[in-house]
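1. no FASTA, just this:
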């Protein structure tokens, strides 16, 4: 009997094992089955749905948000088409939703009836209300009034699925106050909440008298208060230390607060629970271009672009502990392209680094040694080699071979982003399938064609390739997202029109191939005798 190793088992065997059960986690088994379906040679993605909107469109965890986040579709509708989940009631412009967060765990069922632990949509309205809507029905679960003194507009994750931060707009120094010589020390306000369930943690001011008069912006990420200054300076402070030492009052949502009404009700809102009298200790300080600071890697490193002129597209990888430059830690493709190179940490918690140029994606790993850390290549993805029409660039000894077969002098650099070749546009990571979706563009005739190549996240091997049906417009902003068997392409035009195209996995066999098998197949003569 033929043996089937773990890597050779087909989909039918996986489905049989899933029905039989066992100790293996069911969700991981289903993800492995879906990966095999997506990577099969006969599998492709077919466009099944498109929608246009004059408002921003977003997609996350199987949910589409339209009309200023008030209309929600699910990608798991009948016949594999997106289906309307809910539509929030219309409202005035003064009450519109400014920003949202999708707060949803990957678990489909939870052993509790408490709605505080269910998936929800967290929204921040123009009237300073923090709303929590049910992610499946749109029902309002909670409403928290923030403040009548500050204008909040942005909501971001502090730590994913643990806590989030609402940020106010920057306080403007009015012309009258400036003329009268009245200072404006307040820059902005930050408030933190935890999720599952929703709890108020703290609210604090970013004051120029405390942090310095040259402070320009601030945010909270991974328990670190990141403060940005003029001159491309970034300073990091421990937010936990600030909460522990400088909290002057504790407040819980919906509980009475002094002589005022309950916390989070109108018009009381939220109190300032933290009052800084001095600048807290600085954990980390760095000077980088456009305040672009990233932290990650194993062991911890940080990634910056030097603030010197002409260094855009050049990146330095340094140790977070010693500030020492890692060996091979200067990333520079030395390419000629309209868009600068990009570098960022991988989102799979492996500590690896993406370095993306015009046509090449390098995946780098930080390796520790006795003489320090160094960057070593894990694998390289070349967009041109991923093209089915060729495996190498057509060039010979300083010459270039054209499509007609003529040898011409190569006047441009090899790394120039020629539109006749494949050029990289972006990369997305599908965590359940452990696949990298790399988007590239090539010229076909008089139009540009977009391609999405699926690569193995561990080896970089090409698994499958999908050609987008709609023409690629280089003047637009494009976002590609792979979510199991769904591929989403969101386009933003220069006229601020948004187009959403949805592709679904298609494994149907063509009619021509089916007819061929039926014609070549022989009918077996029946051995049954008539009675």
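-> Arrived safely. As the structure is a computational prediction, the values presented were derived from the model and not from experiment.

2. could you pull out the strands for the stretch 301-450 of the chain?
-> Listed in chain order, the strands of the stretch 301-450 of the chain (DSSP state E, counting those that start in this stretch) span 301-304, 315-319, 325-331, 342-345, 353-356, 360-369, 372-382, 395-396, 399-401, 407-409, 423-430, 435-444, 447-456.

3. quick one: low-confidence ranges for the stretch 101-250 of the chain?
-> 106-116 (pLDDT under 70).

4. Try it again at 80.
-> Applying pLDDT under 80 to the stretch 101-250 of the chain picks out residues 105-118, 173-183.

5. how far away is the nearest residue to residue 195 once chain neighbours are set aside from residue 175?
-> Leaving aside its sequence neighbours, residue 195 sits nearest to residue 103 (CB to CB, 6 or more residues apart in numbering; 5.3 Å). Any C-beta I mention is one placed from the backbone N, CA and C, and that applies to glycine too. As judged by CB to CB, to the nearest Å, residue 103 and residue 175 stand 41 Å apart.

6. So for those two, which sits in the more crowded spot?
-> The residue with more neighbours, out of residue 103 and residue 175, is residue 103; 20 against 8, by other CB atoms under 10 Å.

7. excluding its backbone neighbours, what's nearest residue 340?
-> Once flanking residues are discounted, residue 340 sits nearest to residue 313: 3.4 Å by CB to CB, 6+ apart.

8. contacting residues around the one you found?
-> 305, 332, 333, 340, 341 (CB atoms under 8 Å, 6 or more residues apart in numbering).

9. related to what we said a few turns ago, could you list everything the residue nearest to residue 195 pairs with in the sheet?
-> residue 120 (DSSP bridges).

10. didn't it look like it was pressed against residue 118?
-> No: taking CB atoms under 8 Å as the definition, residue 103 is not a contact partner of residue 118, at 9.3 Å.

11. Mind listing the shared neighbours of these two?
-> Common neighbours of residue 103 and residue 118, using CB under 8 Å, 6+ apart, are residue 135.

12. May I ask which helix or strand of this protein has the lowest mean pLDDT?
-> Of the helices and strands making up the chain, the lowest-confidence element is strand 395-396, at a mean of 42, by mean pLDDT, DSSP states H and E.

13. on that earlier part again, would you list the buried entries among the contacts of residue 313?
-> Among these, those classed as buried by 16 or more other CB atoms under 10 Å are 305, 333, 341.

14. residue contacts, the last one?
-> When contacts are counted by CB under 8 Å, 6+ apart, residue 341 is found next to 313, 314, 315, 331, 332, 333, 335, 355, 356, 357.

15. and stretch 468-478, which residues are buried?
-> Applying 16+ other CB under 10 Å to stretch 468-478 flags 468, 472, 478 as buried.

16. distance between the lengthiest helix in the chain and the chain's centre?
-> When the chain is parsed with DSSP state H, its longest helix is helix 26-39. Taking CA atoms, centre = their mean, to the nearest Å, the mean C-alpha location of helix 26-39 is offset from the chain mean by 22 Å.

17. which of the residues in it are buried?
-> For helix 26-39, the neighbour count (16+ other CB under 10 Å) marks 31, 32, 33, 34, 35, 37, 38, 39 as buried.

18. Same list, those, but as JSON lines with distance to residue 247 please.
-> Shown next, in JSON lines, are these (distance: CB to CB, whole Å):
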{"residue": "31", "distance to residue 247": "43"}
{"residue": "32", "distance to residue 247": "47"}
{"residue": "33", "distance to residue 247": "50"}
{"residue": "34", "distance to residue 247": "47"}
{"residue": "35", "distance to residue 247": "47"}
{"residue": "37", "distance to residue 247": "52"}
{"residue": "38", "distance to residue 247": "49"}
{"residue": "39", "distance to residue 247": "52"}
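
19. So which residue is dead centre in the chain?
-> Taking CA atoms, centre = their mean as the criterion, residue 428 is the residue nearest the geometric centre of the chain, at 7.5 Å.

20. give the contact list for it.
-> Each residue near residue 428 by CB under 8 Å, 6+ apart is listed here: 436, 437, 439, 480, 481, 482.

21. Just the buried subset of these, please.
-> Among these, those scoring as buried are 436, 437, 439, 480, 481, 482 (criterion: 16+ other CB under 10 Å).

22. The third one against residue 452, yeah?
-> Yes: with contacts counted by CB under 8 Å, residue 439 reaches residue 452, the gap being 5.4 Å.

23. Now for those two: what residues contact both?
-> Shared contacts of residue 439 and residue 452, counting by CB under 8 Å, 6+ apart, come down to residue 480.

24. Check the contacts of residue 341 for burial and list the buried ones.
-> Of the contacts of residue 341, these count as buried by 16+ other CB under 10 Å: 313, 314, 315, 331, 333, 335, 355, 356, 357.

25. Let me know the closest of those to residue 462.
-> Taking CB to CB as the measure, residue 462 lies nearest residue 356 of those, at 16.7 Å.

26. Can you give me the pLDDT of the nearest residue to that closest one once chain neighbours are set aside?
-> Leaving out its chain neighbours, the residue that sits closest to residue 356 by CB to CB, 6+ apart is residue 342, at 4.7 Å. Note on residue 342: pLDDT of 92.

27. Quick one: low-confidence residue ranges for the protein.
-> 1-29, 105-118, 173-183, 258-260, 309-311, 334-339, 384-422, 507-531.
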